[in-house]
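Visitor: What follows is a protein structure lacking sequence information:
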């Protein structure tokens, strides 16, 4: 079985289930004011590339690239089903997100993640993301890490 990653609509029952799992996970770790989750309507906007990871046809992960309009994009809603951990789903999603960013001619990718998610932080550092100050509409938050990878 091999994991595939492709652009798909987020409006699918399996994706909504994954987003609900992601929300519950974030809410178990952080207070509401430290959760910066975007909903389905945001994920369907034209400036969003939404990727779905599948293993033998079953949806096992997702991630979105949200263009900011300033030559950068933000990685949002990166989540892998617990049952699919160990299949390198997150790495495959990261590879595809970065490939898409280069296709779009973007200068940098940014993200916000929580300090209680060492696996996510480790993945982003492995991919060359470095700590930055809060960006966009984010405010400083002791429970958040802000990261960026320059592509040019």
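Guide: Perfect, thanks for sending it. What you see is a predicted model, and the numbers here were worked out from it, not measured in a lab.

Visitor: If you count contacts, what does the helix ranked longest in the chain end up packed against?
Guide: For the chain, the longest helix by residue count, based on DSSP state H, is helix 13-29. With contacts taken as 3 or more C-beta pairs under 8 Å, 6 or more residues apart in numbering; DSSP states H and E, helix 13-29 sits against strand 58-67, strand 72-80. Backbone N, C-alpha and C define where each C-beta goes, glycine included.

Visitor: Of those, which is nearest residue 146?
Guide: strand 72-80 (10.0 Å; C-beta to C-beta).

Visitor: Quick check: neighbours of that closest one in the sheet, parallel or antiparallel?
Guide: Partner strands and pairing direction for strand 72-80 (DSSP bridges) are strand 58-67 (antiparallel), strand 108-114 (parallel).

Visitor: I'd like the average pLDDT over the last one.
Guide: It stands for strand 108-114. Across strand 108-114, the average pLDDT comes to 98.

Visitor: What lies in contact with that strand?
Guide: For strand 108-114, contacts defined as C-beta atoms under 8 Å, 6 or more residues apart in numbering pick out 26, 29-30, 34, 36, 65, 68, 71-76, 78, 97-98, 101, 120-121, 124, 129, 132, 134-136, 138, 143-152.

Visitor: Repeat that for stretch 6-19.
Guide: 40, 43-44, 49-52, 54, 58-59, 61-62, 64, 77, 79, 81.

Visitor: quick one: low-confidence ranges for the protein?
Guide: 1 (pLDDT under 70).

Visitor: Relative to residue 113, how far out is the spatially most central residue of it?
Guide: Centroid-nearest residue in the chain: residue 78, 2.9 Å away (criterion: C-alpha atoms, centre = their mean). According to C-beta to C-beta, to the nearest Å, residue 78 stands 8 Å off from residue 113.

Visitor: any common contacting residues for those two?
Guide: residue 120.

Visitor: Include mean neighbour count and distance to residue 9 when you put the strands paired with strand 72-80 into JSON lines, please.
Guide: Formatted as JSON lines, these follow (neighbours: other C-beta atoms under 10 Å; distance: least, C-beta to C-beta, whole Å):
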{"stretch": "strand 58-67", "mean neighbour count": "21", "distance to residue 9": "11"}
{"stretch": "strand 108-114", "mean neighbour count": "20", "distance to residue 9": "22"}
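
Visitor: I appreciate the help and will end here.
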